[in-house]
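*Asks:* predicted model and sequence below, questions to follow.
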Amino acid sequence: MTTELKTLLALALALLLGGCGAGTDAPAEAPPPSDQPLHLVVYQNPQCGCCSLWVDYMTDHGFTAEIIEEPDPMARLERTGLAPESSSCHTALVDGYFVEGHVPADDVKRLLDKRPVALGLTVPGMPIGSPGMEHGGRRQAYDVLLVDQSGEFEVFNHYPAIEP
């Protein structure tokens, strides 16, 4: 069984059960680190230019990426369990977590370093100035959200607005 398939099965099981240890007294655990923690498997629409720009940004910041073309956004949302308003235009899997949307590389690296008990990170929508959505130095304020095992969100990082 491939690492990608194991990751997908673990995420599906966690979502179906409502999180690790649901219904038991067993503590939830963070995904164990893999031997390739900086390898992304990215599901994206082949016509989406900003998805490709995000992948380029991530490879410039030390990640490798495998692209899987998936034009159906509902298939991506089923993979993460996120509601459309909490999602973006592409989904990556990395070392037991999902990364939804235009999440900065430093946040993904911090996630992999800290290994919180969580499903992943999301940047809902497509904020101007986020990685892959650069626009002349301008940036909308946005949050990177950590999605816990029960699907609840907490702010993992905040990026304030920048007006050049």
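*Replies:* Yep, that arrived.
*Asks:* bridging residues for the residue nearest the centre of the chain?
*Replies:* With distances taken as CA atoms, centre = their mean, residue 99 lies nearest the centre of the chain, 0.6 Å away. Beta-bridge pairing of residue 99 under DSSP bridges involves residue 92, residue 121.
*Asks:* list the helices and strands the helix or strand containing residue 158 packs on?
*Replies:* Using DSSP states H and E, the element containing residue 158 is strand 153-159. On a contact count with 3 or more CB pairs under 8 Å, 6 or more residues apart in numbering; DSSP states H and E, strand 153-159 meets helix 105-114, strand 142-147. C-beta: built from backbone N, CA, C; applies to glycine.
*Asks:* still on that earlier bit, isn't the residue nearest to the centre of the chain up against residue 39?
*Replies:* No. The pair residue 99 and residue 39 does not pass the contact test of CB atoms under 8 Å, sitting 12.0 Å apart.
*Asks:* coming back round to it: would TSV of the helices and strands packed on strand 153-159 with distance to residue 91 be doable?
*Replies:* Below are the helices and strands packed on strand 153-159 laid out as TSV (distance: least, CB to CB, whole Å):
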stretch	distance to residue 91
helix 105-114	13
strand 142-147	12
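*Asks:* out of these, the one nearest residue 164 is which?
*Replies:* strand 142-147 (16.9 Å; CB to CB).
*Asks:* gap between that closest one and the chain center?
*Replies:* Relative to the centre of its chain, strand 142-147 is centred 10 Å away, using CA atoms, centre = their mean, to the nearest Å.
*Asks:* helices and strands around it, which ones?
*Replies:* Checking 3+ CB pairs under 8 Å, 6+ apart, strand 142-147 ends up next to strand 120-122, strand 153-159.
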